[in-house]
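>>> got a predicted model here, sequence first, then my questions.
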Amino acid sequence: MFVRAYLRASTNEQDATRAKAQLEAFASERGLTISTFYVENDSGSKLERPELFRLLKDARPRDVILVEAVDRLTRLTTADWAELKAEISARHIRVVSLDLPTSYMMAVATTDEFTPRMFDAVNGMLLDVLAAVARKDYEDRRRRQAQGQAKAQAAGRYKGRPEDAKRNAGIADMLVRGMSWSQVQHATGCSRATIAKIAKRAKPIEVVD
């Protein structure tokens, strides 16, 4: 069994590794060793996250995905969460989250058949609940943000987020040199929507993959 830690922050301005020490302490207290850290700066509302799917590809049956909180793994819609959960289940991987105490038992080896089945059922139900709460929190924050922007625009105060000219120039250069969108995303941590906007502006030879 390998423990694979997944660390995520929504933007490049946020520190995705902030909870690394907390996860290491959690694992150490239980006699576990984290084999790999997968670090991602991308929205949890997106299903297509390169580091998350690299983790899933690397994982083997009975491996553990360790996260600080369920919302680090998902702020997905119901349909996308169902798809991700099915992928995790098909690979026989277990999710352990620090904000879900019932999941802790998933990181402990047991010899009887009943205990893991019981905790798997309870943990799956609570995981769904926290996933729904994480999505609602995301939608509420987006709605409040849109309301605030609309109010600021009406008052003539909203100018939008300033462009990161240095980063965008670097992305444009990567695209012109023929790097694929996935390579650029992995190198910069930016979203594919951002790459698409810069690609359209720079008009390089697009290698999307």
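Received it, and whenever you're ready, just let me know what you need.

>>> what residues go with each domain of the protein?
Listed domain ranges for the chain are 3-135, 165-202 (source: automatic domain parsing).

>>> so how far is stretch 57-70 from its chain's centroid?
12 Å (CA atoms, centre = their mean, to the nearest Å).

>>> what does it contact?
Applying CB atoms under 8 Å, 6 or more residues apart in numbering, the external contacts of stretch 57-70 come out as 1-7, 19, 22-23, 26-27, 32, 34, 36, 55, 73, 88, 91-100, 106-107, 127, 130-131, 134. The way it works is simple: take the backbone N, C-alpha and C, and place the C-beta from them, glycine included.

>>> checking the spatially closest residue to Ser45 that is not a sequence neighbour next. Helix, strand or coil?
Spatial nearest neighbour of Ser45, excluding adjacent residues (CB to CB, 6 or more residues apart in numbering): Arg75 at 4.6 Å. For Arg75, the secondary structure call by DSSP: H, G, I helix; E, B strand; the rest coil comes out as coil.

>>> and Arg75, how far from Ala134?
5 Å (CB to CB, to the nearest Å).

>>> related to what we said a few turns ago, and the domains of the chain as JSON lines, adding mean neighbour count and distance to Ala146?
Below are the domains of the chain laid out as JSON lines (neighbours: other CB atoms under 10 Å; distance: least, CB to CB, whole Å):
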{"stretch": "domain 3-135", "mean neighbour count": "16", "distance to Ala146": "14"}
{"stretch": "domain 165-202", "mean neighbour count": "16", "distance to Ala146": "17"}
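
>>> distance to Gln153 added to those domains, as JSON lines?
Below are these laid out as JSON lines (distance: least, CB to CB, whole Å):
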{"stretch": "domain 3-135", "distance to Gln153": "22"}
{"stretch": "domain 165-202", "distance to Gln153": "21"}
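
>>> any chance of JSON lines for the ones you listed, columns mean pLDDT and distance to Ala152?
Shown next, in JSON lines, are those (pLDDT from 0 to 100; distance: least, CB to CB, whole Å):
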{"stretch": "domain 3-135", "mean pLDDT": "90", "distance to Ala152": "20"}
{"stretch": "domain 165-202", "mean pLDDT": "86", "distance to Ala152": "23"}
